[in-house]
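Visitor: Mind looking at a prediction? Sequence and model below.
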Amino acid sequence: MMIMRCRFAESFVLSLFFMTGCATSRSVTTAVDYNSYNEDLSSVRPVYNPAAAAIPTTTPPPAPPAASVPAPRRTDARKPNAPMEALHINRRLDMVLDTIAVQNRSIRYAPGFRIQVYVGTQRKEVDAARLLISQEFPELSPYLSYNQPTYKLKVGDFMRRMDAERYYASIRRLIESAQLQPDKVDIRRSLLIK
C-alpha cells in the first residue's frame, strides 16, 4: 500500500514537471536579432556648454614660472632627451639581455637531425662511406661511433628537418641505406651548414 502511494506521488510529480515544461516551451518563443545593437548611452556622454567656449579671452595667458628645480643629472650621454626612468629601465634590460646571451653561449647541444649513412660490422665499408660523403659534402661533419661489433656513421648537424631532408635526398642517391634520424646536434656546427 505504501509502495503504491509513493509510485503515485512520483508519477504525479513527474507529470506535473512535464506539463509545466511543455506549457512554458510553447508560450516563450521570442525572436532575438543578434545583428542589431541598441543601447542608450546619452546618460554617460559628456555635455559641453557652447556659451562658455565662445567667450573670447582678451588677456594673454600668464607665462610659466622659471624652473627653480635643477634638472636631473644624466649619466648616459647617448640619449640626452630620455627621462631618467627610461635610462634605468634600459640599463636593467641590457643587463638581462647580456645574462641571456651568456647563458645561450654556454648551450652547446640541441635536439636536431642527422643522417645515418652506414650501420654494419665492416671497418673498410664505413671508411669508404665516410670518404665518399666527405668528398661529396665537405660541409657535413661525420660522426663515427663503434659499439662492439657495430659501426655507425652519421653525418650533419641539422637544427631543422627541412634542411636535413634536402641533404638526405642527395645522400640517398649515393647510399641507398641512408636514414634520417633525430639526434642531439652541435649548435655551432649546424650554423656552418648552408
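Guide: Structure's in. What do you need?
Visitor: What mean pLDDT does the longest strand along the chain get?
Guide: For the chain, the strand with the greatest residue count under DSSP state E is strand 109-120. When pLDDT is averaged over strand 109-120, the result is 92.
Visitor: May I see the buried residues of that strand?
Guide: Residues 112, 113, 114, 115, 116, 117, 118 are the ones in strand 109-120 that count as buried (16 or more other Cβ atoms under 10 Å). No exception for glycine: its C-beta is placed from N, CA and C like everyone else's.
Visitor: tell me the strands in the chain, going along the chain?
Guide: Ranges of strands in the chain, per DSSP E, are 109-120, 142-147, 150-158, 179-186.
Visitor: Make a markdown table out of the ones you listed and add distance to residue 127.
Guide: Below are the strands of the chain laid out as a markdown table (distance: least, Cβ to Cβ, whole Å):
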| stretch | distance to residue 127 |
| --- | --- |
| strand 109-120 | 10 |
| strand 142-147 | 9 |
| strand 150-158 | 9 |
| strand 179-186 | 19 |
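Visitor: confidence score at residue 80?
Guide: For residue 80, the pLDDT comes out at 55.
Visitor: ugh, wrong one, residue 18
Guide: For residue 18, pLDDT reads 64.
Visitor: unless I'm mixing things up, residue 158 is touching residue 110, no?
Guide: No. At 10.7 Å, residue 158 does not count as touching residue 110 under the criterion of Cβ atoms under 8 Å.
Visitor: what about residue 171, how many neighbours?
Guide: 24 (other Cβ atoms under 10 Å).
Visitor: List the contacts of it.
Guide: When contacts are counted by Cβ atoms under 8 Å, 6 or more residues apart in numbering, residue 171 touches 115, 117, 133, 136, 137, 155, 178.
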